[in-house]
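Undergrad: fold the stuff below for me.
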Amino acid sequence: MPSAKILEAKQAQVAELSEKIKAAASGVIVNYQGITVDDDTKLRAELRKAGVEYKVYKNSITGKACEDAGYGDIRPHLEGMTAIAISREDAVAPAKILKAYADKIESFALKAGFVDGQVLDEAGVRALAEIPGKETLVCKIMGCMRSPLFKLAYVLQAVIDKNGEQTPAAE
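TA: Model (predicted):
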């Protein structure tokens, strides 16, 4: 039986992780077994640069925190050597970065994830990783909004140019 001090520390970890999960835009659970120190260092630097928190917790702590946050369906995926990546702002970043590493490193595997109150399996995390980033989507939307305005301007300019050619010269 764990001492009261250890139990209190574990409960604090569960509460802290649960709050992070509740405040997150998305999260991904991975099996990090077999990753080299060099690859792990590069992965962590890339995640940090994208504003993603990546940490290894005991599976029991991650499971309880996920249940507290409303993602209890993740619990069956918490076996083996697992880590969790949580992003507060960009819902696609953790999936995109971790998928790239899972594709490069055979033993590194995506397990599950969550986004917008839904639990995703490995296929769902891979699909999420295929979504363009926020900046790309904003640019595409702006391009779509700009295109009709330019077309209207070209049509109006063509009418003006055409009418300008047809006006008789005053003699």
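
Undergrad: so what are the domain limits for this structure?
TA: Using automatic domain parsing, the domain parsing of the chain gives 4-131, 132-171.

Undergrad: reformat those domains as CSV; add mean neighbour count and mean pLDDT.
TA: C-beta coordinates here come from the backbone N, C-alpha and C atoms, glycine included. CSV is the format used below for those (neighbours: other CB atoms under 10 Å; pLDDT from 0 to 100):
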stretch, mean neighbour count, mean pLDDT
domain 4-131, 17, 92
domain 132-171, 9, 76
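
Undergrad: span of stretch 124-142 from start to end?
TA: 28 Å (CA to CA, to the nearest Å).

Undergrad: name the residues that touch it?
TA: 26, 28, 90-93, 95-96, 98-100, 110, 112-113, 115, 120 (CB atoms under 8 Å, 6 or more residues apart in numbering).

Undergrad: please redo it, this time with the cut-off set to 10 Å
TA: 25-30, 50, 89-100, 102-103, 110-115, 118, 120-121 (CB atoms under 10 Å, 6 or more residues apart in numbering).

Undergrad: narrow those residues to those in strands?
TA: Applying DSSP state E to those, the entries found in strands are 26-30, 110-115, 118, 120-121.
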